[in-house]
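A.B. asks: Sequence plus the predicted model coming up.
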Amino acid sequence: MQSQDRLTALPPLVAPSPELAARLQALWETAPGLRGFFMSVDHKEIGIRYIVTAFAFLILGGCEALLMRLQLAGPNMRLLTPEQYDELFTMHGISMIFLYAMPVLSGFSNYLWPLLFGARDMAFPRVNALSYWTFLFAGLFIYAAFIMGVAPNAGWFNYVPYTGKAANPGINIDFYALGMIFLGISTTVGSINFVVTLMRTRAPGMSINRMPVMVWGTLTASLANILVVPSVSLAFLMLWLDRNFGTHFFTVGDGGQPVLWQHLFWMFGHPWVYAIVLPAMGFVSDGLPIFCRRPLVGYTLVALSTVATMALGFGVWVHHMFATGISDVALSFFSGASLVITVPSAIAVFCWIATIWAGRPIATAAFHFYAGMIALFVIGGVSGFMTASVPVDWQLTDTYFVVAHIHYVLIGINVFPVIGAFYTWFPKMSGRMLDERLGKWNFWLMFIGFNLGFFPMHISGLLGMPRRIYTYSPDMGWSTLNLITTLGSFLFAIGVLLFIVNVVVSLRRGAVAGPNPWDAGTLEWATSSPPPPYNFTVIPEVGSRHPLWEDRLGDAGASSVARGFAFDEGRETLGTSMLDSEPDSVLRMPGDSWLPFLLGLATTFVFIGMLIHVWWLAGMALIACAVVLIFWLQPDSLPPLIPIEEASHV
Amino acid sequence: MAQDETIGSHAEHPAPARHEVDIGLLAFGLMGAPVIWGVHFLANVTIASRACASTEMSPSASTHAALLVIDAVAALVALAALYVSMQAWGSTRHEGADTRASSTTPEHHAAEVGEGRTRFIALGGIMMSTVFFIAILFDTFAAIVVTSCGK
Ligand code: HEM
Ligand SMILES: [Cu+2]
């Protein structure tokens, strides 16, 4: 979005025509080949890259987990050394939480938002590309440590004093500290882009009560990220200073406090875990209605329960710190807030069940994943409710019960909905259907494998098995349970593998999807699959929550999808107001650009310089960043790919 | 306010009742309870932690009273937000009535078909105020039962 021309009158509604489509194609097409690869700012391209990259990190993290499970399959195994085990559980946690769970959701949101909104791109296409490149480079930065054998090794929440210089003198933790500050840039600019996109680019008429629910999920997640990422970036910066320059933020003596780390980390960490499930809950809220053939029951309640969950989520961080010696009176407030959070979550669960109940469900593979998610969410929610109680948590903390809980919520509320979303929207992205029969095998293997593998962890936890141990003695009575867990884990992994097979096979041989294979009701299904670079030949006008279902919902003709606004005088999209989406301006959008890639690359060298203390490198790279930014911020530079003269709507 | 109307739009405005309820009131109904909950939460935690910093016994009676007063004030603000939202909800029953399928009640309609942005915010306000009122009650309960610093 570069400049805004105030709109004084709306152009006429026109029908799409081949000439219009050809004109838009010329305006919006990304350059071909390698150049296009580096220069693309198309949200669909970026969204798919996000998804593929995140999935690669899921596979890496999964392999790390399977290695751990092999080591734990029986007592006293010697497959891994304790040091290797430490690095594996840490890299596993980092990969899953930071490099898979959030980015995969950002990928879906990036791909889908402009399509859900009837817009031509995100509000800031170049910032979008920047957020992808910085995510990729930050992920590679952290994995470079792994490859060099100096991976972070103190768990994903990285507690001081384990991570202080005294206990952990290697470069391992510095990699993680700088990598997280780096990744924070990606998350922050991405979140800002989502928020502004929502405020400015929805189709005319799409008031906030007509947005798909997943938009609410990503919106709340983005707002939360903007607020809390500074906390973790600051914490990691302070830790890096402690480790490299002898400051004492977290070391005892000279007024430092290790527990300060825990506060700063979890003020970020808890909202973050909601940020990695709320958009996925949105997939379920938007996906279930498609397969239940009716609108979601209680849209308002589900949408607002998302917001309520996140708001309460800012006041629960100390439930990760119940055992740190904070006074009971203070703990009780955090415990109370943690218990209340189940209220909005339960509202969503009841609305989903009611939707299935009141609809006519079609048991597609996607439906299986959404329904499975509801079951797992309930189990994970109950174990979460248990650990929200202070005395119960004192018994359970740092045992396998917690490992069971995090996997029920993260695999249950992130991985299952994400695979469901693949089955639902893969046809839109690729133009081909995923195989349904393989899909059901895929679901049952994952579902059975997951429960077989992870439910017994509750019991091993209750039997006293601590988390983060590399082995155990046969006398503990944990051996059978651990063997079952390992078998289940591998079954689950085979299920995920089957999914990848399905994707690869279907990309070649899947049935051709057509624009709306599920006969769904929202705007993304109004354009072809895959959509053209400009998304919609004409920008629709929206008059209800389900523009494509209006005939059968008794609301015929409220929206205008077949006819809409052309906006073909340049790379343009329509700017609308925040609450009621009233059109007010034409937004001119930038085209292909090297700047995001270059800025991402230069930033990488800033962090490399800081890591190895080569200050001239960091300094030069910083100057390079400034130069790129000067080009980026050049006022009114004409988007490079606009062959037609500028829009004149003044 | 000319720019308030959709310029030359072809469809009906999504919030026909937008001039009937003050936007500030709607915003208070929606956000009043969560905001006051946040403020009261920080205040409670700060007061309790400071009072317990130097003792393992119960904090003083005045500390306790302070916690309860804060809870009471916060609960009242949340109830006020609930009241405002219910008023807005009640006074805009007609919003979206013309596009409403005949079989649905106004409540059902706003919750599921979703016409009427004004009503949407009002209903959201009812829900948010209720949830955060309960959250404040939980804290009050905690302040009453947990009386020892007990580290
Ligand atoms: C094949 C699938 C998976 C298996 C077999 C698995 C297994 C494990 C194991 C064995 C541990 C270490 C337990 C310990 O020693 O304390 C662990 C920790 C963890 N897992 Fe997974 N996991 C899987 C998938 C996932 C996914 C998809 C996520 C998140 C989206 C996830 C998030 C975590 C986290 C956050 C930890 C804690 C790491 C730490 O203690 O620092 N896992 N997992
Ligand atoms: Cu938490």
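C.D. replies: Noted; the coordinates are in hand. Ligands and ions are numbered 1, 2, ... in the order given.

A.B. asks: Where is the longest helix in chain A?
C.D. replies: In chain A, with assignment by DSSP state H, the single longest helix is helix A:213-245.

A.B. asks: To which secondary structure element is A:Gly564 assigned?
C.D. replies: Assessed by DSSP states H and E, A:Gly564 sits inside strand A:560-565.

A.B. asks: Tell me where the model's unsure across chain A.
C.D. replies: Applying pLDDT under 70 to chain A flags the ranges A:1-8, A:636-650.

A.B. asks: same thing with chain B?
C.D. replies: B:1-11, B:96-115, B:151.

A.B. asks: Skipping its backbone neighbours, what lies nearest the residue nearest the centre of it in space?
C.D. replies: By CA atoms, centre = their mean, chain B has its centre lying nearest to B:Ser129, at 2.8 Å. Spatially, and ignoring its direct neighbours in sequence, B:Ser129 is nearest to B:Leu82 (3.7 Å; CB to CB, 6 or more residues apart in numbering or on different chains). Heads up, the C-betas are built off the backbone N, CA and C, glycines and all.

A.B. asks: So which bits of the strand holding A:Gly564 are buried?
C.D. replies: For strand A:560-565, the neighbour count (16 or more other CB atoms under 10 Å in any protein chain shown) marks A:560-561, A:564-565 as buried.

A.B. asks: now stretch A:41-59
C.D. replies: A:41-51, A:53-55, A:57-58.

A.B. asks: now do stretch A:446-454
C.D. replies: For stretch A:446-454, by 16+ other CB under 10 Å, it's A:446-447, A:449-454.

A.B. asks: So which of the buried residues of stretch A:41-59 sit within helices?
C.D. replies: If you go by DSSP H, those have A:43-51, A:53-55, A:57-58 in helices.

A.B. asks: Tell me how far the residue nearest to B:Leu123 when sequence neighbours are not counted lies from ligand 1.
C.D. replies: Leaving aside its sequence neighbours, B:Leu123 sits nearest to A:Thr300 (CB to CB, 6+ apart; 4.9 Å). Distance from A:Thr300 to ligand 1, counting by CB to the nearest ligand atom, to the nearest Å: 30 Å.

A.B. asks: ok, now which ones touch the nearest residue to A:Asn158 once chain neighbours are set aside?
C.D. replies: The shortest distance from A:Asn158 to any non-neighbouring residue, by CB to CB, 6+ apart, is to A:Tyr176 (6.4 Å). Applying CB atoms under 8 Å, 6 or more residues apart in numbering or on different chains to A:Tyr176 gives the contacts A:90, A:94, A:142, A:145, A:152, A:158, A:236.

A.B. asks: Tell me the secondary structure of A:Tyr176, please.
C.D. replies: helix (DSSP: H, G, I helix; E, B strand; the rest coil).

A.B. asks: What segments of the stretch 1-150 of chain A are strands?
C.D. replies: A:4-6 (DSSP state E, counting those that start in this stretch).

A.B. asks: Identify the residue of it closest to chain B, quick one.
C.D. replies: A:Leu10 (4.3 Å; CB to the nearest CB).

A.B. asks: neighbours around that residue, how many?
C.D. replies: Neighbourhood size, A:Leu10 [other CB atoms under 10 Å in any protein chain shown]: 16.

A.B. asks: how far away is it from A:Leu178?
C.D. replies: Counting by CB to CB, to the nearest Å, the gap from A:Leu10 to A:Leu178 is 49 Å.

A.B. asks: Repeat that for B:Ala80.
C.D. replies: Separation of B:Ala80 from A:Leu178 (CB to CB): 48 Å.

A.B. asks: Show me which of those two is the more surrounded one.
C.D. replies: Shown here are B:Ala80 and A:Leu178; by other CB under 10 Å, A:Leu178 has more neighbours (23 against 16).

A.B. asks: Quick check on the closest residue to that one other than its chain neighbours: phi, psi?
C.D. replies: Leaving out its chain neighbours, the residue that sits closest to A:Leu178 by CB to CB, 6+ apart is A:Phe607, at 4.9 Å. Backbone geometry at A:Phe607, expressed as degrees, to the nearest 10, gives phi -70, psi -40.

A.B. asks: Compute the distance between A:Phe607 and chain B, please.
C.D. replies: 34 Å (CB to the nearest CB, to the nearest Å).

A.B. asks: Next to chain B, which bits of the stretch 101-250 of chain A? Give me the list.
C.D. replies: Contact residues, the stretch 101-250 of chain A versus chain B (CB under 8 Å from any CB of the partner chain): A:204-210.

A.B. asks: do that again at 10 Å, thanks
C.D. replies: Taking CB under 10 Å from any CB of the partner chain as the measure of proximity, the stretch 101-250 of chain A contacts chain B at A:204-211.

A.B. asks: What are the phi and psi values at A:Pro540?
C.D. replies: According to degrees, to the nearest 10, A:Pro540 has phi -70, psi 170.

A.B. asks: Now do the contacts for it.
C.D. replies: A:13, A:117-118, A:203-206, A:523, A:526-527, A:547, A:559-565 (CB atoms under 10 Å, 6 or more residues apart in numbering or on different chains).

A.B. asks: Let's see that with 8 Å instead.
C.D. replies: A:Pro540 makes contacts with A:118, A:203, A:523, A:526, A:547, A:559-561, A:564, as judged by CB under 8 Å, 6+ apart.

A.B. asks: Could you verify that the residue nearest to B:Ser129 is part of a helix?
C.D. replies: Yes - counting by three-state DSSP, B:Leu82 is part of a helix.

A.B. asks: residues near it, how many?
C.D. replies: B:Leu82: 21 neighbours (other CB under 10 Å).

A.B. asks: Ok, A:Ala624 next?
C.D. replies: A:Ala624, neighbours per other CB under 10 Å, totals 17.

A.B. asks: swap in A:Thr188?
C.D. replies: Neighbours of A:Thr188 under the rule other CB under 10 Å: 18.

A.B. asks: With A:Leu601 instead?
C.D. replies: A:Leu601: 18 neighbours (other CB under 10 Å).

A.B. asks: and A:Gly412, what does it touch?
C.D. replies: Contact analysis of A:Gly412 by CB under 8 Å, 6+ apart lists A:372-373, A:375-377, A:379-380, A:450.

A.B. asks: how about 7 Å then?
C.D. replies: A:Gly412 makes contact with A:373, A:376-377, A:380 under the criterion CB atoms under 7 Å, 6 or more residues apart in numbering or on different chains.

A.B. asks: Could you do A:Leu445 as well?
C.D. replies: For A:Leu445, counting by CB under 7 Å, 6+ apart, the contacting residues are A:491, A:494-495, A:498.

A.B. asks: now those residues in CSV, with neighbour count?
C.D. replies: Formatted as CSV, the contacts of A:Leu445 follow (neighbours: other CB atoms under 10 Å in any protein chain shown):
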residue, neighbour count
A:Leu491, 19
A:Ile494, 15
A:Gly495, 20
A:Leu498, 18
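
A.B. asks: sorry, back to before: from the ones in helices among the buried residues of stretch A:41-59, which single one is nearest ligand 1?
C.D. replies: A:Leu58 (6.5 Å; CB to the nearest ligand atom).
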